[in-house]
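J.: Following is a predicted model, sequence given first.
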Amino acid sequence: MNFPFALAIHGGAGTISRQLMTTDKEQAYQAALLQSLEAGHTILREGGAALDAVEAAVRSLEDCPLFNAGRGAVFTHEGHHEMDAAIMDGRNRAAGAVAGARAVQNPIRAARLVMEKTDHVLLAYPGADELAREHGLPLQPAEYFFTQQRYDQLQEALQEGRMRLDHSEPVPMTTTAPIAEPGAFPTSEDPKKKMGTVGAVARDQHGNLAAATSTGGMTNKRYSRIGDSPIIGAGTFADNRTCAISCTGHGEFFLRALAAHDISCLMEYRGLSLTEACRIVVHDKLAPIGGEGGLVAVDAAGNIALPFNSEGMYRGSIGSASYLYVGIYKD
C-alpha cells in the first residue's frame, strides 16, 4: 500500500512586499520555486526516497543565484563565501552537515556525504571541502559564486559596519543581539534584502520523512559565524514518528530555541498537530524574542505546514493529495 507523499520548500523569509517587487523579479522567483518543486516531486511521484527528493529540491535552489545558498551565497567580511548545509533522514535520524564550505558547488551534497561516508555529523572548513574533493563532488572557483548583487550588498554592509541578514535590516556587529518586543521586527525598504536560507522537507510513498537546509549565511559576517541551518535540531530535523522541519530566519534565535526539534517534541510529548506545534514555535516562542523567520514542515501523515512571522517567505508545496502551491507574500 502506498502512503501519501508530500514536498515543501522555502527560499528564505523576511521583508518581502509586493510594492518592492517588480513583475519580472517575482516571475523569476516563482519559476525557481516551481523548478525546485518539480525536481523533488518527480522523485516522490516515481516512488523514490524522501532523502533524494529533498536533496534534489535544495540542489535546484543552490544552483539559482536568486537565493542565498550555493551559487547565490552572500559574501563574508573578508570577501569570500562560507556555506552551511544539513540533511537528515527520518527513518533512523541519521544526519550530516557542513559549515563554512567554500568550494563545493552544492553544499547539500557534501552534507549527505558526511552522513553516509563518515562516522560524523558535522564537518567544518576545510574538512568539508576536502571530503567533497575526495569523493568527486564538483568544486568551483570563487568566480562561480560571485554575483554583482551580493558584492554590492557587501560594500553597503562594510560602509555601515554591520552584518546583513539577507532578508531584513542590518544587524549590529555585537556579540549579543537585543531581545525584541513582540512583533518589533526591523523593516526594510530595499528589495534586495530578503531571500536567505533554502530548504526542503518531504514524505515519500513509503512513509519516510527527510529534511534538508542550505545557506550562505549573513552578509559581512566575521569570525566564521555559523547559524542554525547546519545544526541538527535547530534549523534542520526529521523523525518518521513526528515530522520533518527546515527553518529560515535569524539563525541565532532559532539556535537558542532549538526550533526544529521543539516542534517534534510538542508533537511527540503533547500530542499536538503539526499545524499547532509550528504555530506555537514560530509565533509564540520565536516572535516574542525577535526570532523573525519561518519554516516548512511535513508530518508522518503527509500534512504540510508553511508558517512564518515575517512579512513574507518564498515557499512552495505539492503532494499526492494537495494542489501545487507557490507563495511569496503574507496572503
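T.: Looks like it arrived, so ask away.
J.: what about Gly207, how many neighbours?
T.: Other residues within reach of Gly207, judged by other CB atoms under 10 Å, total 18. Glycine gets a C-beta too; all of them are placed from N, C-alpha and C.
J.: How about Gly96?
T.: Using other CB under 10 Å, Gly96 has 27 neighbouring residues.
J.: oh, and call the first residue 130 from now on, that's how I've got it
T.: In the new count, where the first residue is 130, that last one comes out as Gly225.
J.: give me the beta-bridge partners of it?
T.: With DSSP bridges as the criterion, Gly225 is bridged to Ile216.
J.: I'd like to check which residues are in contact with it.
T.: Each residue near Gly225 by CB atoms under 8 Å, 6 or more residues apart in numbering is listed here: Ala215, Ile216, Ala240, Arg241, Leu242, Val243, Met244, Glu245, Thr247, His249, Val250, Leu251.
J.: And Leu387, by the same measure?
T.: Residues counted as contacts of Leu387 (CB under 8 Å, 6+ apart) are Gly362, Ala363.
J.: and which of the contacts of Gly225 is nearest to Gln148?
T.: Nearest to Gln148, judged by CB to CB, of the contacts of Gly225 is Ala215 at 34.3 Å.
J.: And stretch 271-281, what's buried?
T.: For stretch 271-281, burial by neighbour count (16 or more other CB atoms under 10 Å) applies to Phe274, Arg279.
J.: Likewise for stretch 167-182?
T.: Neighbour counts using 16+ other CB under 10 Å place 167-170, 172-174, 177-182 of stretch 167-182 among the buried residues.
J.: can you redo the contacts of Gly225 as CSV with neighbour count, pLDDT and secondary structure?
T.: Formatted as CSV, these follow (neighbours: other CB atoms under 10 Å; pLDDT from 0 to 100; DSSP: H, G, I helix; E, B strand; the rest coil):
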residue, neighbour count, pLDDT, secondary structure
Ala215, 35, 98, strand
Ile216, 35, 99, strand
Ala240, 35, 98, helix
Arg241, 26, 98, helix
Leu242, 22, 98, helix
Val243, 25, 98, helix
Met244, 18, 98, helix
Glu245, 13, 98, helix
Thr247, 12, 98, coil
His249, 13, 98, coil
Val250, 17, 98, coil
Leu251, 19, 98, strand
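J.: Send me the longest helix along the chain as PDB with only the CA atoms.
T.: Taking DSSP state H as the criterion, the chain has its longest helix at helix 152-174. This file holds the C-alpha atoms of helix 152-174, laid out as PDB (Å, rounded to 0.1, in the frame of the first residue of the first chain):
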ATOM      1  CA  THR A 152       6.900  41.700 -12.100                       C
ATOM      2  CA  ASP A 153       9.900  40.200 -13.800                       C
ATOM      3  CA  LYS A 154      11.600  39.500 -10.500                       C
ATOM      4  CA  GLU A 155       8.500  38.000  -9.000                       C
ATOM      5  CA  GLN A 156       8.100  35.700 -12.000                       C
ATOM      6  CA  ALA A 157      11.800  34.700 -11.700                       C
ATOM      7  CA  TYR A 158      11.300  33.700  -8.100                       C
ATOM      8  CA  GLN A 159       8.200  31.800  -8.900                       C
ATOM      9  CA  ALA A 160       9.900  29.900 -11.700                       C
ATOM     10  CA  ALA A 161      12.800  29.000  -9.500                       C
ATOM     11  CA  LEU A 162      10.500  27.700  -6.800                       C
ATOM     12  CA  LEU A 163       8.500  25.700  -9.300                       C
ATOM     13  CA  GLN A 164      11.700  24.200 -10.700                       C
ATOM     14  CA  SER A 165      12.800  23.100  -7.200                       C
ATOM     15  CA  LEU A 166       9.400  21.500  -6.500                       C
ATOM     16  CA  GLU A 167       9.500  19.700  -9.800                       C
ATOM     17  CA  ALA A 168      12.900  18.300  -9.000                       C
ATOM     18  CA  GLY A 169      11.700  16.800  -5.800                       C
ATOM     19  CA  HIS A 170       8.200  15.900  -6.900                       C
ATOM     20  CA  THR A 171       9.500  13.800  -9.800                       C
ATOM     21  CA  ILE A 172      11.400  11.600  -7.400                       C
ATOM     22  CA  LEU A 173       8.500  11.200  -5.000                       C
ATOM     23  CA  ARG A 174       5.900  10.600  -7.700                       C
END
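J.: Distance from it to the middle of the chain?
T.: 15 Å (CA atoms, centre = their mean, to the nearest Å).
J.: ok, back up a step: in JSON lines, list the contacts of Gly225 along with distance to Arg332.
T.: JSON lines is the format used below for the contacts of Gly225 (distance: CB to CB, whole Å):
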{"residue": "Ala215", "distance to Arg332": "18"}
{"residue": "Ile216", "distance to Arg332": "15"}
{"residue": "Ala240", "distance to Arg332": "20"}
{"residue": "Arg241", "distance to Arg332": "18"}
{"residue": "Leu242", "distance to Arg332": "24"}
{"residue": "Val243", "distance to Arg332": "23"}
{"residue": "Met244", "distance to Arg332": "19"}
{"residue": "Glu245", "distance to Arg332": "20"}
{"residue": "Thr247", "distance to Arg332": "27"}
{"residue": "His249", "distance to Arg332": "27"}
{"residue": "Val250", "distance to Arg332": "23"}
{"residue": "Leu251", "distance to Arg332": "25"}
